[in-house]
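Trainee: Any chance you can model this:
(chains A and B)
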Amino acid sequence: MDGSPVEGPWEEWTQRCAAIARQYRPGLLREIAGRLAGARIRSTPETLAAELAAAQSNPPRVDRRIAQLSYAARCVLACVSRSRQPVWKVSHLATLLAACGFHDGIAPQEECIQAGLMFPALAADEPAEFDDLQQWLGRTGWTQAAVLVHPAAAARLRDLPLLQENGQPLGNVAAPEQPPAWPEASDTSSLAPSEPSAGPILAASAAPDTPPLAAHQASGKLPPTDGLDWPLRLAVLWQRLRATPARRTQAGVLFKKDLQRLLADATLQAPLPTGETADAAILALLWATASGLVRSEGDALQAAPFPPAWRQPLPTLLAELYATLWHVEDWDPLHGYRPHAAESEAVLPTAGLLLLLAIAAAPTGRTCAELARWLWERHPSWSGTLPPHCHATLGQPWVKNWLAAIAGPLQLVEMDGEQVRLAPLGRWLVGLETSPPAAPAAFPQTLMVQPNAEIVAYRQGLTPTLIAELGRFATWKTLGAACVLELQEAQVQRGLAEGLSAAQMLQTLQQHSSRGVPAGVADLLQRWTDKGERVTLYPEAVLVEFASAADLETALARGLVTVRLGERFGMTADGREPDLRHFRLLANRHYDLAPTVCLHVAADGLTVEVDPLAADLLAELELQRFAEPLPSGPAAPRRYQLTAARLRQAAQTLSPDQIDAWFVARSGQPLPPAARLLLHAPQWTAQARSALIVRLPCPEAVDGLLQWSPARNWIAERLGPQVIRVEPEHLGSLQAALAAIGLPVEILPPL
Amino acid sequence: MAAGNRLPVKLHRRVSLIVVADALLAEELLARKKLAADLVGRLSERVLLVRPGRAAAVLEELERLGYAPRLVPPGHRTVE
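Mentor: Predicted coordinates:
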């Protein structure tokens, strides 16, 4: 498959370019595709876009277009090429060009887009067709807009000398005919920044009178690095975020709690062999996010699966980190974490790449002072971001810190005191070598597993793959010449939860251990594994409810479901939807929807019948808090009886309103009166006694009696609309009074 | 039973449940007051039904209690 170990398979970039091109105004697409790909005018936009994208991998076509570009346009493509990062912000590329002596703003990028060699990084939901870079920048915003160069097209420029205005080659392909315009090493008469010129900028080779590197007596040698410093820190960060994701505010700034947690992590903050790094933990977080090791989900930053580069040799991973470095903005070598600096202050990507390009132009090396001065003079805004105490030295501390924190550990440069030159990996990445350096020799048996479950990992044998594997089940404790991990239950359980088995963990340890795995450690792993398999949680499973137990047995025998959950319930091993071709769907219930009415209360107020099609699993289980199951036939709907015992037990944890609400949701009516009687009876009292009652023909008669002055004194109590209670001694008086007004009272025998 | 034909079924989707190794462990979990509040009941002697929307809280509580539950599918929570 065509591609590169750094940018990945070209096919993915081709598809991306085609998708972007489909969002072009049709007329624009036709023009660009016609110029680059020779596409026919009458082709459909989809065809034109596909041909334009495919042309990116066509070297003769690309070379022909490149030859027609201006110096500035070629320069911008070459910068992208040497960065190995196909996607760059428009503003950053303009800054790089300005530093290279081209002050045409975005015109070179517009030219590249018109030539079909650069694409605006359009969002899938762009509101309008792309027609013009200026217009699009106006919609998207200068600080956010980015462009993309297909790696295959960019690769054509990696070897090409970049021409300056005066014809001097940029890059280091050959010694220039004229001496390069580097400040003389001995010229310290003025440290004030001089007027930036449009002259030679990246001179080809060392000035003739610069002593060779070997003769320099450096003030102090910095230790060589094995390239593992940042991969290890990223792996540690990944592990920390897997346990507890970090969160960002709406403004995109880390929450103080998470910031403090990461900065307090001694392992993440441990100094690099090249020196202290300001807020190393946060640089690791930003870098991991840029490289895809950490993903953003809403406001949370979570550990993501290790990208494919982690399964490759170390140089490939370092190249990947190099390419993604240019997307790290919120970190400063002097200040550390600097979130949301204004666009003019986001200098890290451009300053860093320019430093590397400047070092590339001088194969015998340059001093930090020379590099700082060059950057001070060339970068439009870098000097403005420096604190006042750096002005006297033209920002040397910034340069030194960047080299020590990033370029050195990443094996991009070699540092010998003040002298800096490209290391073999750096030379390959910027195009000065055609093949990457060989991966370090492998020492597979690089672990020592100790009986106390600690693992000593010697760096000589660590590879990205092994680092990633170990981090999935062992906790990183310290980093150093010998790193220390520890097997801890929580970490092992996370590994198990993510699909690792105890056997796989043991295999990793045994394969890489010089003395095997102690029996106690193996036993510990197995015990933790057994514990982890005692409880399994399925957060979103699909359950299959069969009509009968026999149907479930049939389904199990045929492998349609593999897990038996009850007499009539089954599930696939992973809880996902089974193959529905073997089933006839009677009903479908989603448990993230509101509960539905599925119970029918009989006339007696206590018998409840379940609607088998409408009912869900929760309904019957919850009903059993109030009712006991009744016997029912195999084909008959299931029935339950509300009982006093169950109702009263439920009332200990549920309020009357909650019980009523549940019945309304499930049966359409509140708790039936009969059930309410069973529930509340112990709180009520009833009395029985003999009484003399008088029933009157209508409520109005009782109303009249209560108002009529002689009679009202003989009425003891009104028992109902037409019924009154009368004391026996007053019956005669009442009877006489009513008889006098024509309402006789008939005395009936007792019932 | 619809022999040789498609089996009539009812599907229950997006159900949260816990499957335990034995019935005693199910009793043990139901006896945990805070956990029990998020459990609807037992589907069978080894299967407990979790209230909708409470899976994350149950997971957290199980981990807090030291049960170290296995999550299926594994990628549901964090990473592969």
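
Trainee: only C-alpha atoms for contact and neighbour calcs from this point on.
Mentor: Fine.

Trainee: can you pull out the strands in the stretch 201-350 of chain A?
Mentor: A:246-247, A:294-297, A:300-303, A:331-332, A:336-337 (DSSP state E, counting those that start in this stretch).

Trainee: Check the stretch 51-200 of chain A too.
Mentor: According to DSSP E, counting those that start in this stretch, the strands that the stretch 51-200 of chain A contains are A:87-89, A:119-120, A:146-148, A:162-163, A:169-170.

Trainee: What's the local residue count around whichever residue of the stretch 351-500 of chain A sits closest to chain B?
Mentor: Residue nearest to chain B within the stretch 351-500 of chain A: residue A:498 (4.5 Å; CA to the nearest CA). Counted by other CA atoms under 10 Å in any protein chain shown, the residues lying close to residue A:498 total 22.

Trainee: how close does the residue of the stretch 601-750 of chain A found nearest chain B sit to residue A:627?
Mentor: Nearest to chain B in the stretch 601-750 of chain A, going by CA to the nearest CA, is residue A:621, at a distance of 5.9 Å. Noted for residue A:621: a distance of 10 Å to residue A:627, by CA to CA, to the nearest Å.

Trainee: quick one: low-confidence parts of chain B?
Mentor: The model of chain B has pLDDT under 70 over residues B:1-4, B:74-80.

Trainee: Parallel or antiparallel, list what pairs with the top strand by length along it.
Mentor: Secondary structure assigned by DSSP state E gives strand B:7-20 as the longest strand of chain B. The strands beside strand B:7-20 in its sheet (DSSP bridges) come out as strand A:535-546 (antiparallel), strand A:583-590 (parallel), strand B:47-50 (antiparallel).

Trainee: next SSE after it?
Mentor: Next helix or strand after strand B:7-20 toward the C-terminus (DSSP states H and E): helix B:23-30.

Trainee: for that next one, which positions count as buried?
Mentor: Buried residues in helix B:23-30, defined by neighbour count with 16 or more other CA atoms under 10 Å in any protein chain shown: B:25-26, B:29-30.

Trainee: I'd like to know which elements that helix is packed against.
Mentor: Packing partners of helix B:23-30 (3 or more CA pairs under 8 Å, 6 or more residues apart in numbering or on different chains; DSSP states H and E): helix B:33-37.

Trainee: then the helix it packs on to PDB, C-alphas only?
Mentor: Extracted C-alpha coordinates of helix B:33-37, given in PDB (Å, rounded to 0.1, in the frame of the first residue of the first chain):
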ATOM      1  CA  LYS B  33     -28.400  -1.000  50.600                       C
ATOM      2  CA  LYS B  34     -26.900   1.600  48.300                       C
ATOM      3  CA  LEU B  35     -26.500  -0.900  45.500                       C
ATOM      4  CA  ALA B  36     -30.000  -2.400  46.000                       C
ATOM      5  CA  ALA B  37     -31.600   1.000  45.500                       C
END
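
Trainee: Relative to the whole chain's centre, how far out is it?
Mentor: When distances are taken as CA atoms, centre = their mean, to the nearest Å, helix B:33-37 is centred 14 Å away from the chain's centroid.

Trainee: Report the separation between the nearest residue to residue A:17 once chain neighbours are set aside and chain B.
Mentor: Spatial nearest neighbour of residue A:17, chain neighbours left out: residue A:53 (5.4 Å); criterion: CA to CA, 6 or more residues apart in numbering or on different chains. As judged by CA to the nearest CA, to the nearest Å, residue A:53 and chain B stand 33 Å apart.

Trainee: Got the confidence number for residue A:53?
Mentor: With respect to pLDDT, residue A:53 scores 94.

Trainee: Just confirm it contacts residue A:18, I think it does.
Mentor: Yes - using CA atoms under 8 Å, residue A:53 is in contact with residue A:18, at 5.1 Å.

Trainee: Scan chain B for its longest helix.
Mentor: As assigned by DSSP state H, the longest helix anywhere in chain B is helix B:55-64.

Trainee: between it and helix B:23-30, how big is the angle?
Mentor: If you take axes from the mean of the first three to the mean of the last three CA atoms, to 10 degrees, helix B:55-64 sits at 110 degrees to helix B:23-30.

Trainee: Look at residue A:621 and residue A:627 and report which has more neighbours.
Mentor: residue A:627 (23 against 16).

Trainee: Quick check: beta-bridge partners of the more buried one?
Mentor: residue A:642.

Trainee: Number of residues surrounding the closest residue to residue A:464 other than its chain neighbours?
Mentor: Spatial nearest neighbour of residue A:464, excluding adjacent residues (CA to CA, 6+ apart): residue A:310 at 5.1 Å. Neighbourhood size, residue A:310 [other CA under 10 Å]: 21.

Trainee: Any stretches of the stretch 401-550 of chain A with poor pLDDT?
Mentor: A:417.

Trainee: How about the residues of it by chain B?
Mentor: A:490, A:493, A:496-499, A:531-548, A:550 (CA under 8 Å from any CA of the partner chain).

Trainee: and the closest residue in space to residue A:277 that isn't next to it in sequence, what does it touch?
Mentor: Residue nearest to residue A:277 in three dimensions, not counting chain neighbours: residue A:405, with 5.8 Å by CA to CA, 6+ apart. Neighbour list for residue A:405: A:272, A:274-277, A:333 [criterion: CA atoms under 8 Å, 6 or more residues apart in numbering or on different chains].

Trainee: and if you look at residue A:265?
Mentor: residue A:281.

Trainee: got it, and residue B:21?
Mentor: Contacts of residue B:21 by CA under 8 Å, 6+ apart are A:533-535, B:46.

Trainee: one step back: just the buried residues of the residues of the stretch 401-550 of chain A next to chain B.
Mentor: Applying 16+ other CA under 10 Å to these flags A:490, A:493, A:496-499, A:531-548 as buried.

Trainee: Checking residue B:40 next. Helix, strand or coil?
Mentor: strand (DSSP: H, G, I helix; E, B strand; the rest coil).

Trainee: got the contact list for it?
Mentor: A:618, A:621-622, B:48-51.

Trainee: swap the cut-off to 7 Å and go again
Mentor: A:618, A:621-622, B:49-51 (CA atoms under 7 Å, 6 or more residues apart in numbering or on different chains).

Trainee: And for residue A:628?
Mentor: A:640-643.

Trainee: mind redoing it with 6 Å?
Mentor: A:640-641 (CA atoms under 6 Å, 6 or more residues apart in numbering or on different chains).

Trainee: sorry, back to before: let's have the strands of the stretch 201-350 of chain A in JSON lines, adding mean pLDDT and mean neighbour count.
Mentor: JSON lines is the format used below for the strands of the stretch 201-350 of chain A (pLDDT from 0 to 100; neighbours: other CA atoms under 10 Å in any protein chain shown):
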{"stretch": "strand A:246-247", "mean pLDDT": "94", "mean neighbour count": "22"}
{"stretch": "strand A:294-297", "mean pLDDT": "92", "mean neighbour count": "17"}
{"stretch": "strand A:300-303", "mean pLDDT": "93", "mean neighbour count": "22"}
{"stretch": "strand A:331-332", "mean pLDDT": "92", "mean neighbour count": "24"}
{"stretch": "strand A:336-337", "mean pLDDT": "92", "mean neighbour count": "18"}
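
Trainee: could those be laid out in TSV, adding distance to chain B?
Mentor: TSV is the format used below for the strands of the stretch 201-350 of chain A (distance: least, CA to the nearest CA, whole Å):
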stretch	distance to chain B
strand A:246-247	13
strand A:294-297	10
strand A:300-303	7
strand A:331-332	27
strand A:336-337	26
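
Trainee: would you turn the ones you listed into TSV with distance to residue A:384?
Mentor: Shown next, in TSV, are the strands of the stretch 201-350 of chain A (distance: least, CA to CA, whole Å):
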stretch	distance to residue A:384
strand A:246-247	31
strand A:294-297	31
strand A:300-303	31
strand A:331-332	13
strand A:336-337	17
